[in-house]
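Colleague: give me coordinates for this.
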Amino acid sequence: MPKLANVTYDEITVGQTASYSRLVEERDIALFAAVSGDVNPVHLDADFAAGTVFGERIAHGMLTGAFISAALAMELPGPGTIYLGQSLRFRLPVKIGDTLTVTLEVTDKQDRRNIVTLDCRAHNQAGKLVATGTAEVMAPAQKMSIERPQPPRVRID
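Modeller: Below you'll find the model as predicted:
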């Protein structure tokens, strides 16, 4: 089974980067709507969305934010990270079938509480920037390598 390993605060350097990619599927949008309660028809109703400026259904902006959270939790710093804050700016809509790649870059470290600031950028498969932001996390102090958990099985009705 694959392992997940973190990068401790002491191992992190300003300028360090990591990336995380994920395909946006119909299922992701349905699950995000169910969990968040955001059932805006621009995300769920093709006929409604066709009459909007987007012309088709789009993913929730915060689904992109959730992918950034996953990049922080799975890649840099990885397991044991405590998410403290995030600023986000949505640049372009994300559509079903897009593959998003989140790139993280460490821009600052604060020794007092192991705080790391990261520049966050999300691009689609065409290389277009869809979201930007800055995340602040508390990086783990202890090295960790764990079995990669399987995502929970969820049924959508």
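Colleague: for the protein, which spans come out with low pLDDT?
Modeller: 1 (pLDDT under 70).
Colleague: tell me where this structure has strands.
Modeller: Secondary structure of the chain (DSSP state E): strands at 3-5, 17-23, 82-90, 99-110, 115-123, 129-138, 145-147.
Colleague: could you dump those to a markdown table with mean neighbour count and distance to residue 54?
Modeller: The C-beta positions use only the backbone N, C-alpha and C, and glycine is treated the same way. Formatted as a markdown table, the strands of the chain follow (neighbours: other C-beta atoms under 10 Å; distance: least, C-beta to C-beta, whole Å):
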| stretch | mean neighbour count | distance to residue 54 |
| --- | --- | --- |
| strand 3-5 | 13 | 35 |
| strand 17-23 | 15 | 19 |
| strand 82-90 | 13 | 12 |
| strand 99-110 | 17 | 17 |
| strand 115-123 | 21 | 17 |
| strand 129-138 | 18 | 13 |
| strand 145-147 | 10 | 40 |
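Colleague: just to check, residue 77 is in contact with residue 10?
Modeller: No: with contacts counted by C-beta atoms under 8 Å, residue 77 stays clear of residue 10, the gap being 11.0 Å.
Colleague: compare those two (neighbour count), which wins?
Modeller: Neighbours were counted for residue 77 and for residue 10 using other C-beta atoms under 10 Å; residue 77 has more, 28 against 13.
Colleague: phi and psi next, for that one.
Modeller: Torsion angles at residue 77 (phi, psi; degrees, to the nearest 10) stand at phi -80, psi -20.
Colleague: chain neighbours aside, what residue packs nearest to it?
Modeller: Once flanking residues are discounted, residue 77 sits nearest to residue 139: 4.2 Å by C-beta to C-beta, 6 or more residues apart in numbering.
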